[in-house]
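> Here is a sequence together with a model predicted from it:
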Amino acid sequence: MTNMEKNVHSSVLVVGGGIAGIQASLELADLGHKVYLLDESTSIGGSMAQLDKIFPINDCSICTLMDKLTQVSQHPNIKVLTNAEIEGLQGEAGDFEVTVLRRARYVDEEKCNGCGACVEKCPVEVPDEFNMRLSKRKSIYIKYPQAFPVTYAIDMNSCTKCGACVEVCEYDAINLNETEKRLTLKVSSIVLALGFSPFDPKLKTEYGYGRFPNVVNSLEFERILSDYGPYNGTLLRPYDQRIPRKIAFIQCVGSRDAQLGNIYCSSVCCMYAIKEAIAAKERDPTVQCTIFYMDIRTSGKDYELYYEQAKKKYGVRFVRSRVASVDEAPDTHNLLLKYVVDEEPRTEEFDLVVLSTGMCPPKNVERLAKILGINLNKYGFCMTKTFSPIETSKPGIFVCGAFARPKDIPETVTQASGVVIKTARINTSESCKQAPVQPQVERDLSQEEPRIGVFLCHCGVNISNVVNMNELAEYAGKLPNVVLVEHFLYACSRHSRNKIAEKIREQGLNRIVIGGCTPRTHEDLFLEVMQEAGLNVYLLEIANLREQCAWTHLEQPEKATEKAKSLVQLAVAKAKLLTPVLKPAVDVIPTALVVGGGLAGMTAALELANQGFEVHLVEKSGELGGHLRNIHYVLGEENPQEELKHIISKVSSSPNIHVYLNSEVVAISGHVGNFQTLLKHKDGAKEIRHGVVILATGALEYNPTEYLYGQSSKVITQRELEQKLAKGEFNAKSVVMIQCVGARTNDNPNCSRICCGHSVKNALKIKELSPETEVYVFYKDIRTFGFYEDYYRKASEKGVTFICYEDEHKPSVSLEHGELKVVAWEPVVKQWFSLQPDLVVLNAATVANTDNRNFAEMLGIPLTQDGFFLETKMELSHVDTPRAGVFICGLAHSPKFIEETITQAYAAAAHAAEILSKSRLEIEGTVAVINEDLCSGCRICENLCEYGAIKMREENERLVAYVVEALCKSCGVCGAACPTNAINLNYFTTEQILAQIKAALVE
Amino acid sequence: MEPGNFEPKIIGFLCNWCAYAGADLAGISRIQYPPNIRIIRVMCSGRVDPLFVLEALKNGADGVLIGGCHPPSDCHYLSGNFKAWRRTLLLKRVLAQFGIEPERLRIEWISASEGDKFARVVKEMVEELKKLGPNPLKLTEEAK
Amino acid sequence: MAETQGEIKYLIFLGCAIPYRVSAYELSTRKVMEKLGVKLEEMPEFNCCGVPMDPISHEMMLLLAARNLCMAERKGLNIMALCPGCTGALKKVNTMLKNDKNLREEINKHLKEDGLEFKGTIDVKHLIQVLNEDVGLEKIKTLVKKPLKGIKVAEHNGCHVLRPKEYMGFDDPEDPKILKTLIEVTGAECLDYMDESQCCGAPVAGVNDRIPLQLTKEKLAHIRDVGAQALITICPFCHMMFDTNQIRIERMFNEKFGIPTLHYPQLLGLALGMPPEELGFRELRVKPTELLKQLGFQGS
Amino acid sequence: MNEQDKSGQEKMGKQIIKASELDPKFKYEITQMHGGEKLLMCFQCGTCTSDCPVARYSDSYRPRQLIRMTQLGLKERILKSETLWLCAACFTCTDRCPQGVKVADVIRILKNLAIKEGYVPPVFKELASSILDNGYAYRIPELRIKKREQIGLPPLPKGNPESLAKILHGIELKKLLEKRGE
Ligand SMILES: Cc1cc2nc3c(=O)[nH]c(=O)nc-3n(C[C@H](O)[C@H](O)[C@H](O)COP(=O)(O)OP(=O)(O)OC[C@H]3O[C@@H](n4cnc5c(N)ncnc54)[C@H](O)[C@@H]3O)c2cc1C
Ligand SMILES: Cc1cc2nc3c(=O)[nH]c(=O)nc-3n(C[C@H](O)[C@H](O)[C@H](O)COP(=O)(O)OP(=O)(O)OC[C@H]3O[C@@H](n4cnc5c(N)ncnc54)[C@H](O)[C@@H]3O)c2cc1C
Ligand code: SF4
Ligand code: SF4
Ligand code: SF4
Ligand code: SF4
Ligand code: SF4
Ligand code: SF4
Ligand code: SF4
Ligand code: SF4
């Protein structure tokens, strides 16, 4: 690293502004890198902006995304380049020079403030691609209401250059003759987050998409469901905008289809179809939803529960049959689907058909790949390897998100975090980072009376067209403690902001009220002003006059003016009581504790060590490696034992890593930045102090009690088979494999994700070593998602026979005169038949490590029902826990493949490094504060706090509560519950809120 | 006060992440609703102390709206919305004991994409409160 | 592909079924092609295309088809077949032999017994392909004398003109367009109906007498439901199912259809201004009396 | 053939198929033949049965089942099965199979094998002998040939059975047919 450092720029280019690109950019920027976030579209957000809810939690997609968009918009280190594409690349890792073409947008990003006046005037209407052409937009448009940048754009394909928009734009933002521009970026690394393009179902003519209006694709259905979609969230079908009574979902459209050449599985469509069916059911429980599938692939964490819930709670019907064709009834425009159940062909009528269209590589990616010099796989996705899952074939260029392989959002976000640890040159010395805006020395206000300045924004005419600004200003001027009122056409413009700072200094203002648009998007701009003017940032209050007043009372200017006065009064009342808040900070010990010396733990440890941090790696057993020690082949070319040796040698030789074998964690205390851990090993105990914890405790193989396991040496587990194969001890002529042993059962409802791939892998190995051996695989669903489908097909091609079983028809294994006999039901031939294999191989489930419970208790973090660690937000990142500074990765989180384990370990390392890289950790000032005099020691707050931020201590022989500021997330739940009002929340104090209430209600 | 042109006053405590954003979206989408509500932003619906509700009613609010994120897990703080919900149920009982119609207090889950829902809730509240008439506490205060 | 030297010239491949039972199809084709300036030459000494033998012996089928191809190669002309089954067999074997050297050698070994050799010098097309690709819609349009305005018909392509798409490939079997546009160029309207691409069942007629009739009946019902005045076919077997068997079907299922079924060249012939008699209308079992009346032909 | 397509399937239903009835080699044999190459790729999605026009009206004809039985090696049962002959060779299944299995070709292969095992449905015997006799699948009556001329069609070219006999010489099947035909 050191010899490279000379050329290292601290800039990174992220290509693709979907959730993958956004997440990677935010994390890189937080680490102090300058980030260029480039997207070919007019707005960032990618596909996620189009989704209604997101599985597995069914959160609102746009809410989740908007949170991130806001962060991007406010991050000083991120430069967003929309309408842009890469034209050329020069140089090498650490020193790239990228030529970027920016196509004309025709609207100036600096000037346009998103008022939308132009849209009303534009006479040209065209289909809105964002709403999948189910509604219309104008030639000048913004992609979606919440889009970032909040700048309109003109679509020159339809624009008539009539100039109406130019005329109406108060801010002179439109230039119909704008031309494209080129720029050159110098960056040290590039992250590709190009996402996917949806499969075009027109290519599957038998489903009638494009011919029959009531056949829609899944993204269209997402838009139909969306509250800001073409039908405002009412469930309607396109042809007659009638509520559909019966909806069919057809799976694998454009995936797992050799006729189309898309052989891989798109991995997400089973889950999203279930989600969409649930959403339809939630809108109207009488709607009947049927999902037609070949295999249901819900192998993510707790996804099987989601599937079960769809069946049991929502009554979604699942039919195992690929739909052969869709026809339309000419009179009703209903659709007739042909499928087969129990080997009986059927035709059934539906009012709406949703095609679960798969993910294809991003459009025109071959061209970009050529420019960048990276390899694509045979399907056009980015080529990666098992043991280097985020590296492209070119050093310095990394990949994350759906472009690496079709995947869902949580996996995407995890991978985006993972990329960061490889991309970033994290350096504990602050100098190499782009410093965020340095806070000015704050003025001491302790002796000052409140002197409030009120700054009112017309927002062009957005506010002033409705609210009488003069009247408002006059009113504000009379409010107590207000010493200055000013108007601005655009308060947020750079010019105005300078003016505000000037006024603050000039007039000695010490509390600021802005009357303008919502604080959710613009607060940070004004916080900067405060800092520049030397005021504590908590002395600002914003009255939301645009989104929550002018725009919602367009026809009632007088009442809107009254309301605006009231809103300003409310803000002034709070402002008067605002006090400076110091952001608490904790010292960070730049050392990590990693628990578990399997692949996950070692990978995370190595990455942190590479970044220069000290790591304590604690392994319970006598050897490093965990399950990887038993894996001799992978579905790919690498040799896992070689890789393992390599990793272990790197770990052992790293001066930054202390390995403790045969050791266990006895106790952990403390908080982020400063934990104390007690280790026990055979020579005694040891105490370690560290800033973060990474839990990589792995998982266990289920010990089967089924199918004569343990009673006959001819019944073995898949792992044992792999040992035999590797040691050359395999000699069976007929093998039966049974899937889902101990998984997807009542006791352990979840899917173990890896075992289908494991069987396919070993079956292929058998066929390689002994082609004449017959292999039968009994499965419930074959879950070879993503590119693993290739190997499933390869196994079929080699003659491995896959036979589906249902719980009612499980195969039975018995011994007759010492010989194995398997009796099973074949559902297509509809016959029982028997086999006499030499070996029965059980795919034992992967179950949670029982040690997890101890860690959960010691650290106060939750577990899933089946005992895996539970992350904070299952629909986003996989690595964070509710406990600040504690991260999870690998099998300890849920069953996963090697490449996924590595990716997640990278992500955990990245999140850990973000903390470790800071010598002091600044914490939001809006934390809870406890007045110890008032506290009665009832412990109510302690129990309520989800983050374990409240602790109790003895004080003068009295139990009192205190807040661990590093853990508090500012929800205020404790404050609302404290019976003695001992708790307050900075910036949202009880007194301030009461003052707001009173102000709101004065006559 | 004449019942005919009675304009109820509503205090809305909206959580920053969902309901407040939903109210913003109503504006962005130019959805119109009556101007009777005053919104106070809190980080989480779980921050709403019963005291705030009581003070609002005592000071003459005709209705109070608490807006949070959809359960089970839209809540930015995992479960603040549940806590608000439990508290609201209790509080409604308390209000009834004071002779205040529990319908004056309303809790709603409004996501950042539900601008129309926010507007609808405000409209509904205004209509219902018009039917209920002014807050009885206000009348007794006035009587004093 | 054999040279056509400006003029359009094909060997006409009749197959077995057409001479055996469906001469109206042949007759109307010949008349119409003459009008359109397509020269048709007779195919000497041809034999069964091979399709009926496929279930018995794939090899025999290959040889039968290959022999036909050799006859055409000798004449140096491309084949135009009327029967989709024949088209399919000849096209498929032609492609297979052209692309698969081993297979070609094997087949040629047999052919040599009679001094023949497959060389791969010609192409095979179906009638509608010739109309669409060689004659062209534009030319047909200019020759239409009597646009069939106000007439509503439905089409049935038949499976083998479209499938398997690997070998046929000139139209989308799931949403075929060519026959439709050829119908529309006559001025008639072509209606969509349900399950348009479904098989009529004819090929099973030899082994089962119920299933094919049920399939045809289902199609007739869909066609009736959309109000088509006639059905247009381009396959002798389909035609037999819809026309010859229609009365039987009506009796068997106790339902009335009364849907006249025309060979496409019959319809085209009318539009080109030829009288029904010349186009073999007399041979139709379900008489298109109403239709002809509407077009101004009395009493045929 | 009234009840013919109601094959022996149901009768078989009760008993358990024994391992000895399965011929695991059978599937590999099929993949060696023209059109059978992709047999092993079938993952039982159901498309072929769902869309088969014959299956819709037959109680027993199920293409997916035939493919499955072939994969499992139930050779005897398949070749004896009368339902095999119901395939209309419409190729819908072949065109729509997502795994690229040429279903109709596999069924044709099975028919060819059945013939080798000695089962020839009467209609095929007729067709074959007609072809061998005069080159056409049908024996076209004189009356028809005359009528052609009446309506103005050119004379039908004569077939050449001698040439056919030459090129078909050496096909095992011909002998078989002849033998059976007698
Ligand atoms: C119908 C549907 C429903 C889904 N539902 C869910 C769900 O409920 N939960 C879930 O977890 N997942 C769901 N998914 C999956 C989810 O959409 C993806 O996991 C996620 O969007 C992947 O994010 P990404 O950033 O990798 O790609 P994208 O969102 O596709 O973003 C890629 C970005 O890159 C840009 N780009 C592409 N090429 C270039 C280029 N050459 N130059 C510059 N920019 C470029 C694009 O404009 C785009 O903004 C669903 C997917 C679909 C299709
Ligand atoms: C049977 C089986 C077959 C698999 N086959 C494949 C395959 O073919 N291809 C593929 O890609 N992936 C496969 N995987 C998945 C792959 O093995 C994992 O993704 C990867 O090895 C997980 O690494 P890990 O570090 O998370 O967990 P583990 O390998 O389980 O390592 C956890 C480590 O933590 C230690 N530990 C546990 N508790 C404590 C404690 N309290 N204190 C200290 N240390 C502790 C353990 O001793 C162990 O060394 C398979 C997994 C299994 C179980
Ligand atoms: S009118 Fe001008 S400022 Fe307003 S949205 Fe349009 S371009 Fe932007
Ligand atoms: S110039 Fe173009 S974008 Fe502007 S109003 Fe006219 S058509 Fe619309
Ligand atoms: S099996 Fe795979 S490709 Fe098919 S619908 Fe499910 S996730 Fe999508
Ligand atoms: S075998 Fe394993 S991966 Fe496959 S479905 Fe069962 S539990 Fe899931
Ligand atoms: S709820 Fe209040 S009184 Fe009770 S322990 Fe917490 S701070 Fe003290
Ligand atoms: S404000 Fe929330 S996170 Fe902070 S201590 Fe109180 S309950 Fe815990
Ligand atoms: S369509 Fe293909 S894959 Fe599906 S069952 Fe039939 S043969 Fe098998
Ligand atoms: S070819 Fe045969 S099996 Fe296939 S769909 Fe047609 S009739 Fe059915």
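Perfect, I can see it now. Ligands and ions are numbered 1, 2, ... in the order given.
> quick one, helices of chain B?
B:19-28, B:50-58, B:80-97, B:115-132, B:136-143 (DSSP state H).
> Just the CA trace of the first one, in PDB.
What follows is the C-alpha trace of helix B:19-28 in PDB, where atoms were taken according to Å, rounded to 0.1, in the frame of the first residue of the first chain:
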ATOM      1  CA  ALA B  19     -45.900  11.200   8.800                       C
ATOM      2  CA  TYR B  20     -44.100  14.500   8.500                       C
ATOM      3  CA  ALA B  21     -42.700  13.400   5.200                       C
ATOM      4  CA  GLY B  22     -46.200  12.300   4.100                       C
ATOM      5  CA  ALA B  23     -47.500  15.800   5.000                       C
ATOM      6  CA  ASP B  24     -44.700  17.200   2.800                       C
ATOM      7  CA  LEU B  25     -45.700  14.900   0.000                       C
ATOM      8  CA  ALA B  26     -49.300  16.200   0.200                       C
ATOM      9  CA  GLY B  27     -47.800  19.600  -0.500                       C
ATOM     10  CA  ILE B  28     -45.500  18.400  -3.300                       C
END
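> Indicate the residue of the stretch 551-700 of chain A located nearest to chain D.
A:L635 (17.7 Å; C-beta to the nearest C-beta). (Glycine included, C-beta is placed from N, CA and C.)
> What about that residue, how many residues nearby?
21 (other C-beta atoms under 10 Å in any protein chain shown).
> Now do the same for it: helix, strand or coil?
coil (DSSP: H, G, I helix; E, B strand; the rest coil).
> can you check C:K39 too?
Counting by three-state DSSP, the backbone at C:K39 sits in strand.
> Which of the three states applies to A:A908?
helix.
> before we move on, what about the one 10 residues further on?
In the three-state summary, A:K918 is assigned as coil, counting by three-state DSSP.
> quick one: pLDDT of it?
Looking at A:K918, its pLDDT is 88.
> and the residue in chain D positioned nearest to ligand 1, what does it touch?
Taking C-beta to the nearest ligand atom as the measure, chain D has D:P98 as its residue closest to ligand 1, at 19.5 Å. Applying C-beta atoms under 8 Å, 6 or more residues apart in numbering or on different chains to D:P98 gives the contacts A:252, A:256-259, A:322, D:45, D:47.
> distance of it from A:C265?
12 Å (C-beta to C-beta, to the nearest Å).
> Need the overlap of contacts for these two.
A:252, A:256.
> sorry, back to before: not counting its neighbours along the chain, what's nearest the residue of the stretch 551-700 of chain A closest to chain D?
Leaving aside its sequence neighbours, A:L635 sits nearest to A:Y791 (C-beta to C-beta, 6 or more residues apart in numbering or on different chains; 4.8 Å).
> The one you found against A:G757, yeah?
Yes - look at A:Y791 against A:G757 with C-beta atoms under 8 Å: they come within range, at 7.1 Å.
> These two: which is more packed in?
A:G757 (21 against 18).
> For the nearest residue to the more buried one once chain neighbours are set aside, give me its contacts.
Among residues not flanking A:G757 along the chain, A:Y788 sits closest, at 5.1 Å (C-beta to C-beta, 6+ apart). Residues near A:Y788 by C-beta under 8 Å, 6+ apart: A:265, A:635, A:756-757, A:760.
> Report the strands that pair with the host helix or strand of A:S669, each with its relative direction.
A:S669 is part of strand A:663-671 when elements are defined by DSSP states H and E. Here strand A:663-671 has these sheet partners by DSSP bridges: strand A:674-681 (antiparallel).
> tell me how far the strand it pairs with is from the chain's mean position?
32 Å (C-alpha atoms, centre = their mean, to the nearest Å).
> Establish whether that strand and ligand 2 are in contact.
No - contact of strand A:674-681 with ligand 2 (C-beta under 6 Å from any ligand atom) is absent, the minimum separation being 9.5 Å.
> Would you indicate which residues of that strand are buried?
A:674-675, A:677, A:679-680 (16 or more other C-beta atoms under 10 Å in any protein chain shown).
> Stretch A:241-248 now?
Neighbour-count burial for stretch A:241-248 [16+ other C-beta under 10 Å]: A:244, A:246-248.
> Make sure A:R505 is actually in contact with A:E532.
No - look at A:R505 against A:E532 with C-beta under 8 Å: they stay out of range, at 9.3 Å.
> higher neighbour count, the two?
Using other C-beta under 10 Å as the criterion, A:R505 and A:E532 rank with A:E532 on top: 18 against 14.
> so that one touches A:K499, yeah?
No - A:E532 lies out of contact with A:K499 (C-beta under 8 Å); the separation is 11.6 Å.
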